Every structure is written in structure tokens, then in C-alpha cells.
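>>> build me a model from this:
(3 chains)
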Amino acid sequence: MEELVIYLVIIATLLGAFGGAGVLVWFERRLLGFWQDRPGPNRVGPFGIGLAVADIIKLFAKDDWIPPFADRFIFTFAPTAVVMAMLMGFAVVPYSKELYVTDLNIGLLFFLGMTSLAVYSVLLGGLSSNNKYALFGGLRAAAQMVSYEVFMGLSLMGVVMLSGSFSLVDIVNTQAENVWFIISQPLGFFVFLIAGIAESHRLPFDLPEAEHEIVAGFHTEYSSMKFGMFMLGEYLGLILISSMIATIFFGGWLGPDFLPAPFWFLGKTFAFICFFILLRAGIPRPRYDQLMSFGWKVMLPLTLVNLLVTGAVVLWM
Amino acid sequence: MKSVILAIWSQLVTLYQVLLHTFTPFDTVQYPEQMPVLPPRYRGRIILTRDPDGNERCVACNLCAAVCPADCIALQKTEDEHGRWYPEFFRINFSRCVMCGMCEEACPTYSIQLTPDFEMCEYDRQNLVYEKEHLLIAGQGKYPGYSFYNVSGKSIKDKDKGEALNEAAPTDVRSLLP
Amino acid sequence: MPTIKVDGQELEVKEGVNLLDALLSAGIDVPYFCWHPSMGSIGACRQCAVIQYADEEDTRGRIVMSCMTPVTDNAVFSVDAENAATFRDSVIENLMLNHPHDCPVCEEGGECHLQDMTVMAGHRNRQYEGKKTTYPNQYLGPFIGHEMNRCISCYRCVRYYRDYSGGHDLSAFASRSRVFFGRAADGVLENEFAGNLVEVCPTGVFTDKTLSKHYTRKWDLQSAPTVCQGCSLGCNTYTSERYGEIRRVHNRYHQDVNGYFLCDRGRFGAGFVASSKRIPQSGIRNDQGLYDAVSLDTAITKIQAIISEGTKVVGIGSARASLESNFALRQFVGQENFCNGMTEIDQEMHGIIIDVLQSKLTTPSLTEVEEYDAVLILGEDVTNHAPRLALSVRQATRNLASEMAGNTQIPQWHDAAVRVLAQNHRSPLIVVTPTEDRLDEVASSSMRLMPRDIAELGYALAEEIAGNTTSSTPDVEAIARTLLEAKKPLVISGSSSQSPDILKAAVNLSLALKDRNDRAGIFLCANECNSVGVAMIDNERSISELLSTSPSVVVVLENDLSIRLGQQFSSSISSVNNLIAIDHLDNSTTSASSVVLPAATFAEAEGTLVNSEGRAQRSMAVYKAQDEIKAGYHLIDALAGNERSSTEVRSELSEQIPALAGILKAAPESDFRFEGAKFPRMTHRSSGRTAMRADISVHEPKQPVDEESALSFSMEGNQQQAPASLRAYTWSPGWNSNQSVHKFQSEVGGEYVGGDSGYLLFRESVDIEPFSKSTQAYSALIPRYHIFGSDELSAESEELSTLIPRPYLRINNTTAKNLKVEQGDGLMCTINNGNLQFAVIVDEAIPDNTFVYPIIPETRGMNGISSTDFSRVDDWVQDMDPLSPKTITTDRSS
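All right, here's what the predicted structure looks like:
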């Protein structure tokens, strides 16, 4: 019985993640449209929701072209890696006290590990394309993701110290007992939020694919569903990071009882997805060197201060 | 430090301002259900106009072709038996045209004009190649009343030397008067 | 070298030039109109005003005209000073008072010196509100259009037309603001160099009618550096094209050849490229004697089959085909089966010309001709046979004027002063020709002698100058004295006399002169644009000699044998089973051939020519010919199963014929690049690329690739940095007109930066012996050349053909009486089975029983006609003077 639940959750997660990513493509454009005083895509189906399907059909129908100068195997493998890594990350996300795929006692580390794997996808994609813009994009992605991973992990250590566990279920439970970590770890939240954007290379930190400078960065040479998988990976990452923020800092499934616990979780995740889209609508892209120096010179010290203070507080209390 | 805080504050204000736009009405027009109101000087389909006498205004000076950034205008000068220059053919390849309006700016005779008509899609690109008979209209377009030959020194049918604007009668070379 | 200071900048300038010349040479832009590098200064337009300061301390200075100011050491000037700039601005404002609002409908627009100078001087708004003066226009012939309203009265046209080129029928009329430049009455401009008015006029008063007919702005023309095919002088031209059609020919400056000017044959004679006689496709003659249009491959296969059946294949080259084509043919048929396509007389004459070029005798360039202070013309009709040389000879007669100016401290560039000083004093020019000559009017003495007598005179002069005789006639003594007194005497002769004896006499005379005066020179005009070149390839067998070896297949390259063989044409080729003609225009030879291949003209194929002075020059293709039309050497290579680029043909040519090795230096080869880029044929402003062919297909094809040369059929590349032989047009920022050429010269009127194009092949001096005296009886028929019509190709140009004289015979009264005709009657003879009628002109200077006939398209087969062949035409109606143009239409705007 319990296994059946787990299988159901897995299937629901997969469907939810894929479906969510697909709908997000439309939703993001619609939302951006609103914020730019225009309706956005509103032609296919009611409210234009059919565009999500149309886009997917289009991606599948396009010419799947591998450039003759590319490294075929790696070129094909790269986009699958990001999707796999991101999907693995969902394994540790708890939807409610009982509803999760698995509750690893190193859940947080597993999540960090999986998001780190995504860097291979981008780097290999850029490298195997054998194109200078793709290479620039890949290198930028590698440097950016490796740097921001450092304090992404460190920023969560305050939470771990306070909850005494790497398990995400435990972390939420700790929040149920005390306050949400957004209250006790504001600095950690701030750093994680920014590192999360950088990690999923969403705007404004989408330097690996900065189209004004390097065409389309690491996926310049990609077309059809291979490009689609990069796109999918990006939206999966967006959902994953949002759900992580919701889980770690905003009490996950916690909320008043008039709604079932998973809805609270989904609602909070959705709110953060909207927030990410707002960031995209409002904030311009920094320069690459600004991004790196901001990471190492501001974020890292902040994280360390956060750790120090949290540690001290934990010791004193 | 102050600048860092100001910068962060500025970003937050930006986000807030953008968020406020959730509640503002759309600026866009839902074409084709709703037709846009286009000003007369909108840069759409290009036409060739006629002067007040009903003659082609174009004198085939080639300035529009020279200024065209897409190089999509080609024409050939010819002249009638009275010396009036006009284009033998005048071709615009609208599949290349970017509707920039430079041709209209360059035109010394107000012949070439852009109109508010922008609905000119075709399934076959070849149909976007407009020849003179497709471009030439019967009227004067946006700038009524102007006729280039009435200000130029060249004589044409019904306008001899000295009959243009601000011109003295032709000189009698053989006159001995001072 | 004086040093002057201009706006604080120290300039080293050439001694004896005027300030304008010096400033332009130094790259400083000063607007000007009336000054011209070849015509000097008169200070008429007041446009080139600058400020001259007394010394460094002077702050006020005074306005001077830079074209009238000599450069002196330590002089201080300012071009940019506000006073000068304001002055120039108001001068051009005044010049523009009556200038009509015409630019869009003016042929000069886009390459107008007036436009450039107006922008340079900064004039924008016409403040004067009075009325503009207008003028009626005139009909000036089929070449030149007249739109007098546009005149700014700079006087350049009349200075060029009357003073420089010696015309009489263009003048300034009336006075003050009514000054009119034109003819006394409508009519064709008489001067042979009238076409240069188009380039000399700084605005659009004189425009090129042949261009206006299918007008294209300068920026839209695709051009290439070409060499004129009209005569043997090899003037440099820019030939321009659009929509696959030749639009115009413009002068391409070359310091040593044509300078700034062309003759009208060269300028208006390229229309044959679009002639209705053009052969567009290969043809195979069918049983009915008509030609079936076939693809090139079919024709080649057919010819290869004919050749494989044949026993002996011979090739006849041509003096109007490039070296490359002639050489490819010689390789194809083998050296012993090749002849260069000239008549025996031509071969003998060109043998002499090559001997002279190789010898220690000095052959001057056209520019150097202008420096000789005594010229003797022996039997050559310079104006009609090698027209541009006549213009140089006219300048040579001004050497006395420069000498007089030098004696009175007047600078040479002070044109008006020098001419007023000299009045009618001219350096001696002695013209000895069979009929009256255009140069007679500037000659110190003219003699009318028949060819044999001219040769006699030449031999006698040689004897007299060498001092071997005491019994000379007074004429001979006088001429000899003139030549010996001169600092630099020059003997001009050439092939137009069709008398090798005259050439020999001229050589003997020059050798004798050379012994007395080392600066003496000789200029022998060759016959056609590449006569010297083909004679250098092979000058051994004549056509009749080659045809008498009973060949089974004859390949004729760009040559009309009916001209060379005359009356023998039909009989000579009747025994040939298979005549294969490679040519661009339909003629008697192509009509007699079994297979015709379409050859590219100079406008479509690259080729090297050698001119009269032994200068090898490369002419570049202007546009890519249609698929079926190919360069002569490519067609011959296709017959041989070869595929070579022109570069490869040339490198083999230079290896096999060492005398011609220098042609490789005539121009850079196809692999030449500037910073990796080729050189553009189109201007950077070229327009209409995506619309020109859109009526055929909206999908633009790739630009054709030029594999033959370092030029490209596009606007890509660097025109400003192109070497002279690869510069396809002349343009410099702010200088859209042809006046921009000074930006590419090392100094105004000097050689191009980086060297001129072409290469002089003869650089050694071999001793030659005087020829033994031979005076063959001259033929009773004496050909007379005409600038329009005598050249085979240019005569097919539409406008030019209207000026070709109609057939005439010049005979004296006695001859006329014998034939029972008088002035204005008609004579006829039978040429190649057709009757040809001539108008009779009675001329007493012609000996008995001698006929002077014009070389025009109708009379090309006259070779071999004798005096007894003429008979009276009974029903002859004379309608007009045969020498006057066939058609005079009144201009619509006059």
C-alpha cells in the first residue's frame, strides 16, 4: 500500500513537473505580457492556454539538426542530463507530512548535488557544439554555477544548524514547532534566493545564454526537442528552486487547516514562480564580471556572517 | 554602503512598479478584431503619386534606390520626346523592404510616399514584387499641389524654358542690348 | 623645393607650381572650378580663394586666388581662415544664383563637381530672390547633350574646346549674366575630342547623350579598368555597365598615355558590345546555309569532330584580339600553322615598328610627345587613325609658347598670359600627307604628297640630315633645318598610309636625326589595338600564305578575313571545307563559316594588349557574359580540351615568348589581394541589389565570382587601396566627380600613388641599320581613315555610326573627266559580288588616276580593287555631302 502511494506520488511528480513546465512556458509569457501592458499569448484556446500544447508540438515537429562539426554523442547527451538531474531533485521534495517520494536523511545535500549536476549538461552542451558562442556560454555557466553553488550550500547551513537535520521533512517539522525560517534566517533566505536564480540561470542571471552578447549561449546550435529539453530543464529548475524556497524557508506544506497540506505547498511554490517571473520582468541582466564579483565579494561574506551569527546563537541558546 | 542599499532599494522599487502594472489596462490593440487607427504618416505600403496635372511625379533620379538600406528599389530612367524624365520601370521588392521611409525622405519630388496600409502579406514571395503599375496611384497622396517640373529648369511638354517658378524668360544670346 | 606654411602646417611643395596645385597635391581640399590640371589657371571663377599673410606676424592677410598664386619659399597661407571660407561661400552662392533646381533630372547628379564644391564651400540657401536666367539649348550632335541653364560660366568648356583641343565651333556668346556657351547654330560638334566636354564641364551643361539614353547614376555603375579598343594607342578607360549592358566609357587617367582626355571614338565607340550584330550563341550551319543555334557544348563537340577528321588545322589570329586569345590559338594549332591575321603589308609595317621599339631610337609616350618642339608627320593621318596622338601633337606646338613664357618669367600654369604672349606663335609642325589633314591648321607647313613621294621625301631628308647629299630641294632643306634646329625633334609616321616605304623612310630619317641630336624621337602608329602584340607573338606567315598550304580546317579568331583578303576573300576560302569562326559580331567571315562560336568582347573578358609604344596593358572584364559567351582563349581551350584561367594562359605565354614576359607586370594577377580582399567593381553605394532581378525571381542569386582577376563583381573590397590597374572607378570622400583622381596621384597630374598601370615591354636598345631605299609603286587606291567608321568594331556603335561618312571617291579633274563624272556625281564598283556606289569629290591635290576612298564599313573589301573597276552611275542622286553626318535631328529642347 505504502509502495503504491510512493509510485503514485512519483507519477504525480513527473506529470506535475512536466505539465507544470509546459504550462509555465505559456504562463510566463502571459504574465510578462500583463506587466508590459499587453495581453501576451491569448490566441490558442481559452486565454491562450493551448499555446503550451502548440509549443510542445512545434518543438517536436522542428528539424532536429545536429551540426556536422559537433561531437554527436555528447551533443545528444547534454540536454538529457539537465532534465534528469532536475527531476531527481524532486525526489526529496515533501508535499505534505506524509506525501513525498523519499525522505532522505541527507535530503538537502541530495538536492544540492542534483542541481550541481546540471552544470555538466550546460558545459557539455556548450563544449560539444563546437561553436564559439556556445563555448562562451558553457564556460560562463560553469563558472557561474560552481561559484554560486558554494554559498547556496552554505546559506542553507544556518537552517540545518537550527533544525539539526538535512532531511527536508525534518526541516519543515522544525518550522512547525518554531517559526518559519524566513523569520530566523532572513539572510540565509536572501542568499539562497539569489543563488537559486543564478543556479537555474534564470533572468536576470541568464548570462550563459545572454542573447545580446553571445547569440543564445550554450544552446546556440540546438534545435527541436534537444533545445526543448534545455528549456524543460530550465523550467524544472525554476519549479524546483521555488519549491525548495517554499519548503525550507516558508514552512512547506504548513498552513491553516481549511486547505489540505499539499495545496499550501503548491500555493507557496506558485507564488515564488510568479516572483521569479517578476524578477525577469523588472530587473536587467548584470555584466558577467559584476555577477562574479557580487557572488564572491558580497554573497560569500554575507553567508559566512550568517553562519557565524547562527552558530553563535545556537551555542548560546 | 549607501550606494549598495540605494541600489537594492532601487531594484525593489522597480519590482514594485512592474507589479503595479498587473492592474493597468492593455496598450495593445486586438488586431484584427479591432482595427488600429493609423496616422496618415504611418509607414506602410509604398506608392508612387502623380502631380496636380496627373503626370507621374517620379523623375527617375534614383535617390530612393540609393538611400534604401535594403537595396530593394530598382528603376531605370527614360524620357519622353519632350525631355521629361520618368521611370521606364520602377520596382520595389517588398519582401526586402523594411518600411523605414528613407525613400520618402530622399524623394525630391514627393513622388514616393508611404501609406498607412500595412496589410500586404502573401503566401508567395514573388507576389511581393511590385512594379510601377502596382505602385502608381491616380492622386497626389499626402502632399497636394507640388509639381517638381514647375520648379526645375528643364523644359518639358507645355512648360518651356523660363516658365518655371522664379525664372526669367530665355536669354536672347544675339541681343546687343546691355 | 620651397617650403610654405598653410594653417600652421609646413609643406614642402614642388618648384614652379601654383598654390592650388600644391595644396591639392598635399591633400588639402580647396574648392575650384576653372582650373584644370591640364589647362592651367585663369583665375576666372574666384572659388579657390585663400588668405596670404605677409609673414608669420601678419594676422590680417589678404585674399588671393590660390590658382593664380605662385608658391614662394616661406610664404604663409591659410585655407581655413574665416575670411577665406566666407569669401568662398559667397562666391559659390553667386555662381549658383542662376543654377536651376535640376539635380534629380541632371545626368551629372551624383558625380557633379559643382555639387561637391558647393558642399565643400558650405553654401546651403539661395538668399537672392530675383529670377533665374534661362537659356535655350542647342543640338550638339548624337554624343553631347546641352542644358545651358546649368552653366556657372567657368569658361572651362571653351578653354578646353578651343585652346586645348583646337576646335572652332564652340564659343562664349553674349555678355554679363547672359554669357552663353555653345555653337553659332545647331549642329554636330566638329572636334574629335568634343566628348571630353562631358568630363571637363564641372556641372551638367554638357552631358553624355549615349549615357542619358539608358541613364544610370555613377554610384550604380559596375565598372572596370579597361583599355580602349579603338586604335593602337591603348588609352585607359573606365567602362561601366548596369543590367548587363554597357552604359558608358569614361576617361581613366594614365600619366603617360591618355592623361585626362579621350577621343570621341574611344568614348562613344563601345556601343558595339550591344550591337544587333552581336553573336549571342554558337551556331552550326545547316544544309540550307542557315545557322542553327546550338549550345556551346554541342558546337565544341562538332568542331572537335571536324578537327579529328581533318588533316591540317590552321589558325588565324587577330590584331583586335587579346594576346591571351592569340597565344591560345597558336598553342592549339601549333606554331607552324598559325598566322597573326594581318595582311602582308601590315605584317611588314609592324615588323618595322617592332624593330624601332627594340632599337636605340626613342619612342615617346603620348605625354612625352607634348614635350617635342618640332614634329614632322610623315604620311600618317594622325587625327583619324590614332586620334589621341593628335591632341598631344597639338600641345607639342605650344612648346614655343612655353619657351616664350619662360623667357619673360611668366609661370607655365598662367594659361591666359602664356596664350596672349604667344598669340599665333607655334612650334614647328610639318604635316606631309596625301590629303588635307586636321592638323594643317596648327602646322607650320603642310605638304600634299602621294605615298611614294612621301617615302622619297623621307629618304631625302635622311640623306640631307646625314649630310650625304648636296642636291636637295628647298623643301627638304627647310624641313631638315627645322628638325636640326629643334631641341627635341619628333618624327611621326604610321600604318595608315599602308606603305612600308614611308615607315622605312621615317626610320632612316630618325636614325640620321638621332646621330645629330640624341633627344630626337620617333613615333610609329600601329594599326589596331593589339597589332604590336600579335606581331610580337608571330609575324612570319601571312593569311594567304597560310591558306595556300591547303588546310582542311581553318580556325579564325575575332578576325574578318574579308577585310584582309579583300577581293581574294571568296576564292581563298572556297577551298577550305571547314571554316570555324570565333567572333563577337556577325561579319563576312562568320557568315562563311561552318561553325560559329560566340566570343566575349573586351567588356566581358580580361585581356592584355600592347600599344604602339610597346606598353602592355591589361583590360579587365566589366561584367560576366551570359553563359554561352566566353573569352576567346576559353573557347579555344575548350576546343583543345583544356581549362585554364587567363592567368595560366599568360604565364605559359610569358615562358614561351620571352619578349612578352613583361605582360605579367602589366597588372596584378588573379591571386592578388589587399588585406585578404579583392577589389570591387561596384561602388559602395551601389543600389537595387535585391530588386534588380526581382521581376525574374524574388530569390537573389549569388553574385557571380570572378576567377580571372583580382576584381570582384560586387561592392566588397577596398577601392581606395586598389592599385591603378585594378581601380574600377575613381571616387574619394567629398569628391564624387572624376576630379577625385588627384586623390590617387602622387601629385596633381603626376603618376598614380603606387605606380601607373601597364608595363613597357621594350627596355633594351638594339642597334639597327638604316633600311635600303625602296619605293614601290603605290596603289591607285589610297585609303583614307575616318575617326568614325574606320575602326571595325566602334563603327557598329549606334550613335557613332550616324557620323560615319558615306562612300566617296576623291579624284582630280582629269580622272573625273576620263570617267565622265564631275563633283557630286556617282561612281560604282563591285565588291564581293555586291555593288557599291560612291559620291565623287573632285580634289586637285590628287594625282591623275588616283582614287582616295574612305575606310568605312561599306568599303572594307576594297583591298584588290583597281582603278579600272569604277564606272559611272547613271541614275545617281546626290542628296547631301558625303562627309557630313548621315542624320541630323533637331534636339527637342532647342
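>>> show me which parts of the lengthiest strand in chain B are buried, residue by residue.
Ranked by number of residues, the top strand in chain B under DSSP state E is strand B:85-93. By 16 or more other C-beta atoms under 10 Å in any protein chain shown, the buried positions in strand B:85-93 come out as B:85-87, B:90-93. Where C-beta positions appear, they are placed from N, C-alpha and C, glycine not excepted.
>>> for chain C, give the residue positioned nearest to chain A.
residue C:676 (19.9 Å; C-beta to the nearest C-beta).
>>> coming back round to it: show me what the longest strand of chain B is packed up against.
strand B:73-79, strand B:129-130, helix B:132-135 (3 or more C-beta pairs under 8 Å, 6 or more residues apart in numbering or on different chains; DSSP states H and E).
>>> what strands flank that strand, and is each parallel or antiparallel?
According to DSSP bridges, strand B:85-93 forms sheet pairs with strand B:73-79 (antiparallel), strand B:129-130 (antiparallel).
>>> contacts for that strand?
B:46, B:48, B:56, B:58-61, B:72-80, B:128-132, B:135-136, B:154, C:104-105, C:690-691, C:694-695, C:698 (C-beta atoms under 8 Å, 6 or more residues apart in numbering or on different chains).
>>> buried subset of those?
B:46, B:48, B:56, B:58-61, B:72-79, B:128-130, B:132, B:135-136, B:154, C:104-105, C:690-691, C:694, C:698.
>>> name the residue of chain B that lies nearest to chain C.
residue B:153 (2.5 Å).
>>> what is the burial count for the residue of chain C closest to chain A?
Neighbourhood size, residue C:676 [other C-beta atoms under 10 Å in any protein chain shown]: 6.
>>> same question for residue C:794.
26.
>>> equivalent analysis for residue A:203, please.
So residue A:203, with other C-beta under 10 Å, has 18 neighbours.
>>> coming back round to it: turn the strands paired with strand B:85-93 into JSON lines, including mean pLDDT.
Output for these, formatted as JSON lines (pLDDT from 0 to 100):
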{"stretch": "strand B:73-79", "mean pLDDT": "95"}
{"stretch": "strand B:129-130", "mean pLDDT": "95"}
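>>> and those as a markdown table, adding distance to residue C:456?
As requested, these are exported to a markdown table (distance: least, C-beta to C-beta, whole Å):
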| stretch | distance to residue C:456 |
| --- | --- |
| strand B:73-79 | 57 |
| strand B:129-130 | 72 |
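>>> average model confidence for the lengthiest helix in chain A?
Ordering each helix of chain A by length in residues (DSSP state H) puts helix A:2-35 first. Averaged across helix A:2-35, the pLDDT comes to 85.
>>> what residues sit buried inside that helix?
A:9, A:13, A:17-18, A:20-35.
>>> is it fair to say residue C:88 lies in a helix?
Yes. Assessed by DSSP: H, G, I helix; E, B strand; the rest coil, residue C:88 belongs to a helix.
>>> pretty sure residue C:10 is touching residue C:26, no?
No. If you go by C-beta atoms under 8 Å, residue C:10 and residue C:26 don't touch, sitting 10.4 Å apart.
>>> now for the residue of the stretch 51-200 of chain A found nearest chain B, how many residues are close by?
Residue nearest to chain B within the stretch 51-200 of chain A: residue A:190 (9.8 Å; C-beta to the nearest C-beta). Residue A:190: 18 surrounding residues under other C-beta under 10 Å.
>>> which SS state does it fall under?
helix.
>>> find the nearest non-adjacent residue to it, please.
Using C-beta to C-beta, 6 or more residues apart in numbering or on different chains and skipping the chain neighbours, the partner closest in space to residue A:190 is residue A:302 (7.6 Å).
>>> cool, and residue B:144?
Closest to residue B:144 by C-beta to C-beta, 6+ apart is residue B:52, at 7.2 Å.
>>> isn't that neighbour right next to residue B:148, touching?
No. Using C-beta under 8 Å as the test, residue B:52 is too far from residue B:148 to be in contact (11.1 Å).
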